[in-house]
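J.: Let me see the structure of the following:
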Amino acid sequence: QKVELLRGWRRQMAMPPRASDLWMANNDLRLHGRPAEYQLQMLAGAGESETGEVAHIYSFFAGLDVPEPNTREHTIAVSAAKKMDEAVEMLESALQANYEDVSVLEAINATSDLLFYGIEPDRGLDNLDLVLIRKMNLRDECGPASKYSIGTRKISDQLLCAMRITLALETELDQLCPKTFHWNDGCEGGLFRWRRPISRRNEEMTIQAIRDTVGMLLSAYPTHMEDDESLLTLSTMTNPRIRSAIQLRIREQALMQNVKALLEEMEEKLETQRYQIFEMPKWRAPLMIAPGEPPPIVEEVPIAELPVNFGDGNSHSVRVFQGQTLERAVTSFAAQHLIGQEDAEKLAAELHKRMPEDHPAAQLHYAISVALPSGAKTMAVYENETVGDAAAVFCQAWNVPKEGKLTLMQKVSKRLKKRAKQREILSIPVTAADGRKLSLRIMQGDQHNIFDAARNFVNAMVLPETAISQLVQAVETRLPKFAFNVPVTMPEPQPPLNMRVQEGDDPFEISVAFLAQNDLDEGEMLPKMVRVIQGKMRQLGMPVYMNHFLTRNAIIGD
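T.: Residues are numbered from 1 along each chain as shown. Model (predicted):
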């Protein structure tokens, strides 16, 4: 089934054929093993063939030993010739599409090598298949296809997400869904946020793709909306079925016009959008090396550097490289040289003065407190940074063994995947003393331990410890009114936790987020927690919100 999806995706997106399909067709035509002149003659015929003349195509291809009609060999040969003919058409479409992705160019070259030079293609999944599989994995996070919809007031987030993934460049995909060791492992890390636009280029392509589709649908109507409205005013228009059909056509066209207006609003927000990828780091660009040439030696040049004198006679510097955040450079340097939070803050302030003016401020994607023998340390994952990169830097700085690194990566990746499904309930702008413009984001689930959220933010963004209490107070005053706490007993030796319930909370939503935040299995706990919250809400006379995904008996227990 996945192979058929890959074939269909390539056809719909004007991409070259799959290498394994070429290999099978080539094998069925028995091209290799014949004299070279026959191979080239047979392959050249594919480009000159016309659809519907496949039996003659094969006869022209083979030149000799043509299978008798109505035999198994003949059926296989005809099918293989059709595939070759389709490969030529797909190659022409791919060339006209002007793709720049490396995997697409490799597939184009493999098809051309077979058709023009008789070079046998590889079998199995090619690199373009692996790229499309990663896109499929990401698209699964967008939600079910039943949620892909357009309305009078909104284009669904699920549809926008699927369009963005489909149109993402390979270099963008490498940041959103880094490659894993096995093709079916999904992504290494949880960088992708399905509700957020990917990049300025990608958003423009998404808007244009939807606009083209809407324009095509509108052009298919035999009349304009104004003409239909005029028809309804005619005294002769009395047939109720015809009137209903015209009214439906008017509503459909009005919906399409509303979508065009929504797209214009999206275009107006392109400048102010927060993109997941604000800049493609230069070190991720593929290097094209001619055969036989040694790979070039690339020396990274820092975009900002701050010399630090420890009085030990050695030279030390904090360096920020392209694609790296100031905070990552400072926290890594501080951990390596055992520098406290107060001194690290001073380093960040001085380094900030040396940063390029156009370098965007870092934003924190996620931070977690990790218990180490030397005490609790904060591991941060900044935006446009993979979990693997973040874990590697953290473990190197604090001498965490390889086994611990893998465990940490798995834990953070699991949390981030669940966190990506939660909504943002609060965002507080923070201006550091050195002028950095930051933002503390509180996602559903963070409100149950505001102090930890504030402390991890302060540590990750290299702010003074005195800012923790200020942030806690700011979050408290901006959250909905507190209603009550629900004590949750944890397995030994962990202390019990408190789940914060606020006015207007959905018991199901906050229970799911709380369990995900604390790595607890939903299982039997979810319905029990929901029942407890609903019961307490009734006691306090609060409105009880029902969730449609769970049955009444499963939750209420009536």
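J.: ok, the closest residue to Met409 other than its chain neighbours to Gln273 distance?
T.: Leaving out its chain neighbours, the residue that sits closest to Met409 by CB to CB, 6 or more residues apart in numbering is Ala391, at 4.6 Å. Heads up, the C-betas are built off the backbone N, CA and C, glycines and all. Between Ala391 and Gln273 the distance is 29 Å, computed by CB to CB, to the nearest Å.
J.: These two: which is more packed in?
T.: The neighbour comparison of Ala391 against Gln273 (other CB atoms under 10 Å) goes to Ala391, with 25 against 13.
J.: Secondary structure element holding that one?
T.: Using DSSP states H and E, Ala391 maps to helix 387-397.
J.: got it, and Arg441?
T.: Arg441 belongs to strand 437-443 when assigned by DSSP H and E.
J.: Partner strands of that strand, with direction?
T.: strand 424-431 (antiparallel) (DSSP bridges).
J.: Pull out the buried positions in the partner strand.
T.: Buried residues in strand 424-431, counted by 16 or more other CB atoms under 10 Å: 425-426, 428, 430.
J.: Give me the neighbour count for Asp434.
T.: Neighbours around Asp434, by other CB under 10 Å: 17.
J.: Am I right that it sits in a strand?
T.: No: counting by DSSP: H, G, I helix; E, B strand; the rest coil, Asp434 is not found in a strand; it is coil.
J.: if I read this right, it contacts Arg354, doesn't it?
T.: No: Asp434 is not in contact with Arg354 according to CB atoms under 8 Å; the separation is 11.1 Å.
J.: By residue count, what's the longest helix in the protein?
T.: Longest helix of the chain, by residue count under DSSP state H: helix 240-268.
J.: Identify the residues contacting the helix holding Ala391?
T.: 178, 188-191, 328, 331-332, 335-336, 370, 377, 379-382, 400-401, 404-405, 408-409, 412-413, 416 (CB atoms under 8 Å, 6 or more residues apart in numbering).
J.: Tell me the helices and strands packed up against the helix or strand harbouring Asp212.
T.: According to DSSP H and E, Asp212 maps onto helix 200-219. Counting contacts by 3 or more CB pairs under 8 Å, 6 or more residues apart in numbering; DSSP states H and E, helix 200-219 packs against helix 157-167, helix 240-268.
J.: ok, and for the shortest one, which residues are buried?
T.: Of the residues in helix 157-167, those buried under the neighbour-count criterion (16+ other CB under 10 Å) are 158-167.
J.: and the nearest residue to Asn518 once chain neighbours are set aside, what is it in contact with?
T.: In this structure, Asn518 finds its nearest non-sequential neighbour in Leu497, 6.5 Å apart by CB to CB, 6+ apart. By CB under 8 Å, 6+ apart, Leu497 lies in contact with 448-449, 487-488, 490, 518.
J.: Quick check on those: which are buried?
T.: Applying 16+ other CB under 10 Å to the contacts of Leu497 flags 448-449, 488, 518 as buried.
J.: Quick check: the farthest pair among the residues you listed?
T.: Asn449 and Val488 (11.8 Å; CB to CB).
J.: Ramachandran coordinates for Val488?
T.: Phi and psi for Val488, reported as degrees, to the nearest 10, are phi -120, psi 120.
J.: Please report phi then psi for the residue nearest to it when sequence neighbours are not counted.
T.: Closest residue to Val488 apart from its sequence neighbours, by CB to CB, 6+ apart: Leu497 at 4.6 Å. Main-chain dihedrals, Leu497, degrees, to the nearest 10: phi -110, psi 160.
J.: Give me the pLDDT for Leu497.
T.: Leu497 carries a pLDDT value of 88.
J.: can you check Ala36 too?
T.: 43.
J.: The one 3 residues further on too?
T.: You'll see Gln39 listed with a pLDDT of 46.
J.: before we move on, what about Pro17?
T.: In this model, Pro17 carries a pLDDT of 90.
J.: Ok, Gln208 next?
T.: 94.
J.: buried sites along the strand holding Arg441?
T.: Result for strand 437-443 [16+ other CB under 10 Å]: buried residues 438, 440-443.
J.: Please enumerate residues in contact with the helix or strand immediately after the helix holding Ala391 in the chain?
T.: Per DSSP H and E, the first helix or strand lying C-terminal to helix 387-397 is helix 402-419. Residues outside helix 402-419 that contact it (CB under 8 Å, 6+ apart): 141, 188-191, 365-366, 368, 370, 379, 381, 387-388, 390-392, 394-395, 400, 443, 445, 516-517, 519.
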